[in-house]
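K.L.:
What would the 3D arrangement of this be:
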Amino acid sequence: SEFGAGLVVHYSGVSAGYNRVVAAPKGNIGAISDAGVVHFLLRNVTWRQLWTVSQNSAGVSDTAESGDRFGTTVAVAPSVSTPTGLRDLVIVGSPYENVGSATDAGLVQVLNTTGASQFTLSQSSGGIAGSPAAGDHFGAAVCGIFLSGPLLISAPDDTNYTRGVVHGIRWSRLFTGSGSTYTLTPGPNGGGFGAAIAST
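P.N.:
Have a look, this model is predicted:
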């Protein structure tokens, strides 16, 4: 199941403890192979598991399918400014998800800390440049910036950007529709741009 293939730990001032997201992107859901599972744990004094979700879980959008690898990439966006206050959000990338007829185009889901979907994003989502194409692998890397910073999502094999692309989406754009989106692309010598993303 590749338990731990995706892993992130951070201290949260919102939940007053350490959040840990552990993914098993090759986890099977019944007879559905390599569908993917994500686990969320919180530590105050001891670790406790709060939830486990797949794309077949109640409150999670989309449907688990063979080879989706939900949780190939995971990140926690700490203390994001939302209309209801500061919230921790969990970002889950499924770069092998089919979007329409585009095989392995990729999908990203943003969950709250109860495991329910807040947003489901692909390159067909409003404000995100380009369109889903086979092998784009949108969501191959994900990163959420603290407070009002952007959500970063890469598509290192995007066919519209031959050397890869990273999409930046302001959280306010997702919650209120008023924020900006943008793209980052490499110089002439780049290749597979966005295969990994990190923030400080």
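
K.L.:
what's the weakest-modelled helix or strand in the chain?
P.N.:
strand 6-12 (a mean of 54; mean pLDDT, DSSP states H and E).

K.L.:
so Ala24 bridges to which residues?
P.N.:
Beta-bridge pairing of Ala24, defined through DSSP bridges, involves Val37.

K.L.:
Quick check, it in contact with Phe70.
P.N.:
No - Ala24 sits out of contact with Phe70 when judged by Cβ atoms under 8 Å, with a separation of 9.3 Å. Where you see a C-beta, it was placed from the backbone N, CA and C, and this is true even at glycine.

K.L.:
what residue ranges in the protein are flagged as low confidence?
P.N.:
The chain contains residues with pLDDT under 70 at 1-18, 44-45, 146-148, 189-190, 200.

K.L.:
what lines up beside the helix or strand containing Leu50 in the sheet?
P.N.:
Assessed by DSSP states H and E, Leu50 sits inside strand 47-53. Here strand 47-53 has these sheet partners by DSSP bridges: strand 37-43 (antiparallel).

K.L.:
List the buried residues for the partner strand?
P.N.:
For strand 37-43, burial by neighbour count (16 or more other Cβ atoms under 10 Å) applies to Val37, Val38, His39, Phe40, Leu41, Leu42.

K.L.:
repeat for stretch 119-139
P.N.:
119-123, 125, 128, 130-133, 136-139.

K.L.:
ok, now stretch 173-183?
P.N.:
Arg173, Leu174, Phe175, Gly179, Thr181.

K.L.:
okay, how far is it across it, tip to tip?
P.N.:
Stretch 173-183 has an end-to-end distance of 14 Å (Cα to Cα, to the nearest Å).

K.L.:
Please apply the same query to stretch 48-63.
P.N.:
27 Å.

K.L.:
what comes into contact with that stretch?
P.N.:
Stretch 48-63 is contacted by residues 27, 29, 32, 35-42, 64-65, 68, 70, 94, 97, 107, 109, 111, 113-117, 120 when judged by Cβ atoms under 8 Å, 6 or more residues apart in numbering.

K.L.:
let's see 6 Å
P.N.:
For stretch 48-63, the external contacting residues (Cβ atoms under 6 Å, 6 or more residues apart in numbering) are 29, 37-42, 64, 70, 115-117, 120.
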